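Colleague: no sequence for this one, just the structure:
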């Protein structure tokens, strides 16, 4: 079973792996409540209880698809943690006023987004609301006004951010009554920027666990055309004797989970069988030399 952990000192308990719903509307097997419930059950069976949403996912449709499942089984809500994000507006039927993709994290916009998410998800509270992207035209204290009010009202239990730099995190955090509980950022063998720009160091210092999106680099890890991915897979194949039966995606997840900031890795598969397979990664303890060997393979050079 997947271990549980506190997201931050004052934050919620979550599972070390989370299930990301961003591809929920793209499932070739359909989007019926039964199909979605099968994926939810596959998660729960292995201890994955944290579900990562965003209002924009699926053209603003994924929250509603998930909400149908919650509505059909009211007892399910108490067994899961819902993380969702707001702030991105993209042209489409569900954002008829949007001429271009843009960000809006004003207090008014955040409250409106949360009210919609609550309706779509068929719930009266969100465990963690994340500001999806930094908004270059909104003051941090304006954003904080909405987050503080929503926490006080019980509509969200905690607030966090996504794709924020350490300075942006600090600025918003300083305006809040309750500290931010996470920064959701891209982390994978093929995307290590946050290891060098201070983001993961800040998470360690504040004892805030980051959430790692795209731990397989958006599928690049399995590409036959990407040189870095080819090198990683070759390196992983050479480790077969030390990790019998383990797949490259399991080793890649174990690599992310081994980081000292203790990330929560977000899965994005639509295949229930792959959920169970991915969950096995949490029990893999990578040898230190193997961790560095995978990193060196991805980078194409030895560590300095």
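Modeller: Sure, I can see it. The structure presented is a predicted model; accordingly, all values stated were derived computationally and were not measured. Residues are numbered from 1 along each chain as shown.
Colleague: tell me the buried residues in stretch 155-175?
Modeller: By 16 or more other Cβ atoms under 10 Å, the buried positions in stretch 155-175 come out as 155-166, 168-169, 171-173. For every residue, glycine as well, the C-beta is placed using N, CA and C.
Colleague: end-to-end on it?
Modeller: 19 Å (Cα to Cα, to the nearest Å).
Colleague: likewise stretch 148-162?
Modeller: 18 Å.
Colleague: distance of residue 60 relative to residue 135?
Modeller: Here residue 60 is placed at a distance of 18 Å from residue 135 (Cβ to Cβ, to the nearest Å).
Colleague: and if you look at residue 89?
Modeller: Distance of residue 89 to residue 135, given as Cβ to Cβ: 10 Å.
Colleague: any common contacting residues for those two?
Modeller: Each of 103-104 lies in contact with both residue 89 and residue 135 under the rule Cβ atoms under 8 Å, 6 or more residues apart in numbering.
Colleague: residue 33: neighbour count?
Modeller: The number of residues packed near residue 33 is 17, by other Cβ atoms under 10 Å.
Colleague: quick one: residues contacting it.
Modeller: Contacts of residue 33 by Cβ under 8 Å, 6+ apart are 68-69, 72.
Colleague: list only buried entries from those.
Modeller: Buried among those by 16+ other Cβ under 10 Å: 68-69.
Colleague: and the contacts of residue 33, which of them are in strands?
Modeller: Judged by DSSP state E, the contacts of residue 33 include no members of strands.
Colleague: so, low pLDDT: which residues of the chain?
Modeller: For the chain, applying pLDDT under 70 flags no range at all.
Colleague: which residue ranges form the strands in it?
Modeller: 4-6, 13-15, 17-20, 50-52, 81-86, 88-89, 102-103, 126-131, 156-162, 183-186, 211-213, 264-267.
Colleague: could I get those as JSON lines with distance to residue 204?
Modeller: Shown next, in JSON lines, are the strands of the chain (distance: least, Cβ to Cβ, whole Å):
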{"stretch": "strand 4-6", "distance to residue 204": "14"}
{"stretch": "strand 13-15", "distance to residue 204": "17"}
{"stretch": "strand 17-20", "distance to residue 204": "20"}
{"stretch": "strand 50-52", "distance to residue 204": "21"}
{"stretch": "strand 81-86", "distance to residue 204": "21"}
{"stretch": "strand 88-89", "distance to residue 204": "28"}
{"stretch": "strand 102-103", "distance to residue 204": "28"}
{"stretch": "strand 126-131", "distance to residue 204": "19"}
{"stretch": "strand 156-162", "distance to residue 204": "16"}
{"stretch": "strand 183-186", "distance to residue 204": "12"}
{"stretch": "strand 211-213", "distance to residue 204": "14"}
{"stretch": "strand 264-267", "distance to residue 204": "14"}
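Colleague: from the centre of this protein, point out the most distant residue.
Modeller: Of all residues in the chain, residue 241 has its C-alpha farthest from the mean position, at 31.6 Å, by Cα atoms, centre = their mean.
Colleague: from residue 248, how far off is that residue?
Modeller: Taken as Cβ to Cβ, the span from residue 241 to residue 248 is 15 Å.
Colleague: how about residue 49?
Modeller: Look at residue 49 and residue 248: by Cβ to Cβ, they are 26 Å apart.
Colleague: kindly reformat the contacts of residue 33 as TSV containing distance to residue 13.
Modeller: Output for those, formatted as TSV (distance: Cβ to Cβ, whole Å):
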residue	distance to residue 13
68	26
69	22
72	25
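Colleague: among the contacts of residue 33, which lie within helices?
Modeller: 68-69, 72 (DSSP state H).
Colleague: quick one: which of those is nearest residue 215?
Modeller: residue 69 (24.4 Å; Cβ to Cβ).
Colleague: residues touching the closest one, list them.
Modeller: Per Cβ under 8 Å, 6+ apart, neighbours of residue 69: 33, 36-37, 40, 76.
Colleague: repeat that with 10 Å
Modeller: 32-41, 76-77, 80, 121-122 (Cβ atoms under 10 Å, 6 or more residues apart in numbering).
Colleague: which of these count as buried?
Modeller: Buried among the contacts of residue 69 (16+ other Cβ under 10 Å): 33, 35-37, 39-40, 77, 80, 121-122.
Colleague: of these, which pair is most distant in space?
Modeller: 35 and 77 (19.3 Å).
Colleague: so how far is residue 231 from the closest residue to residue 33 other than its chain neighbours?
Modeller: In this structure, residue 33 finds its nearest non-sequential neighbour in residue 68, 4.7 Å apart by Cβ to Cβ, 6 or more residues apart in numbering. According to Cβ to Cβ, residue 68 and residue 231 sit 43 Å apart.
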